[in-house]
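all I have is the shape, not the residue letters:
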């Protein structure tokens with residue numbers, strides 16, 4: 001068994017991970033990588049370890065209530081429908097909670113981030129790929145959490161991003177023609 005790590009998660013980050021863990025299902029295939037039943041079982045066990053860790057930081061789960069809410073109660077407001085609680089509103093997105101994660105729970109985080117960032121085939125069968133999290137959400141959630149658990153390199157390698165060449169886009173031919181026209185105009189006016 002590996003060493004536990006302590007990670008500071010914002011209420012927003014912890015809530016996202018807690019919800020994603022509660023709904024995790026690893027597909028049979030992610031990109032070119034196929035997963036056996038055993039692989040998917042191990043991934044589910046690792047995400048379950050994360051889910052159990054996150055429950056330890058849920059004031060409602062600790063009292064036996066079945067609510068997926070991460071962080072201290074002061075970060076949440078109960079939404080009531082009459083006398084019954086119908087939901088919760090996050091009041092403090094940036095409050096940090098120090099979370100202790102086992103090696104398996106950290107692997108669970110990686111599985112969630114991979115699934116969230118990996119392009120999925122469009123359901124309409126038009127051959128398009130759509131990432132579940134857009135670039136903005138990746139910048140605000142995926143990569144900061146990956147940095148906190150020190151798994152940026154592992155995620156980039158799994159995605160093949162470490163092998164992809166950075167694109168350097170050539171100028172359009174029309175633009176070069178336009179530049180030549182501007183240069184020619186400059187020479188004419190200087191005469």
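Cool, the structure landed. What you see is a predicted model, and the numbers here were worked out from it, not measured in a lab.

mind checking how far the spatially most central residue of the chain is from residue 44?
By Cα atoms, centre = their mean, the mean C-alpha position of the chain lies nearest to residue 142, the distance being 3.2 Å. Applying Cβ to Cβ, to the nearest Å, one obtains 21 Å for the distance of residue 142 from residue 44. Where C-beta positions appear, they are placed from N, C-alpha and C, glycine not excepted.

now swap in residue 68 and tell me
Where residue 44 is concerned, residue 68 sits at a distance of 17 Å (Cβ to Cβ).

ok, residue 75 next?
Distance of residue 75 to residue 44, computed by Cβ to Cβ: 29 Å.

out of these two, which sits in the busier spot?
Each of residue 75 and residue 44 had its neighbours counted (other Cβ atoms under 10 Å), and the higher figure belongs to residue 75 (23 against 16).

who's in contact with that one?
Taking Cβ atoms under 8 Å, 6 or more residues apart in numbering as the criterion, residue 75 is in contact with 11, 90-92, 95.

most neighbours, which of these?
Of all the contacts of residue 75, residue 11 has the most neighbours under the rule other Cβ under 10 Å, reaching 23 neighbours.

all strands of the chain, in order?
Secondary structure of the chain by DSSP state E: the strands cover 5-10, 29-30, 33-34, 76-81, 84-90, 96-101, 120-121, 129-130.

those: which one's closest to residue 113?
In this view, these are compared for proximity to residue 113 by Cβ to Cβ, and strand 29-30 is the closest at 12.0 Å.

point out where this structure drops to low pLDDT.
Low-confidence segments of the chain (pLDDT under 70): 1, 62, 64, 119-131, 172-182, 184-185, 189-191.

rewinding a little: wait, the residue nearest to the centre of the chain touches residue 115, no?
No - in this structure, residue 142 sits apart from residue 115 without contact. The criterion is Cβ atoms under 8 Å, and the distance is 10.5 Å.
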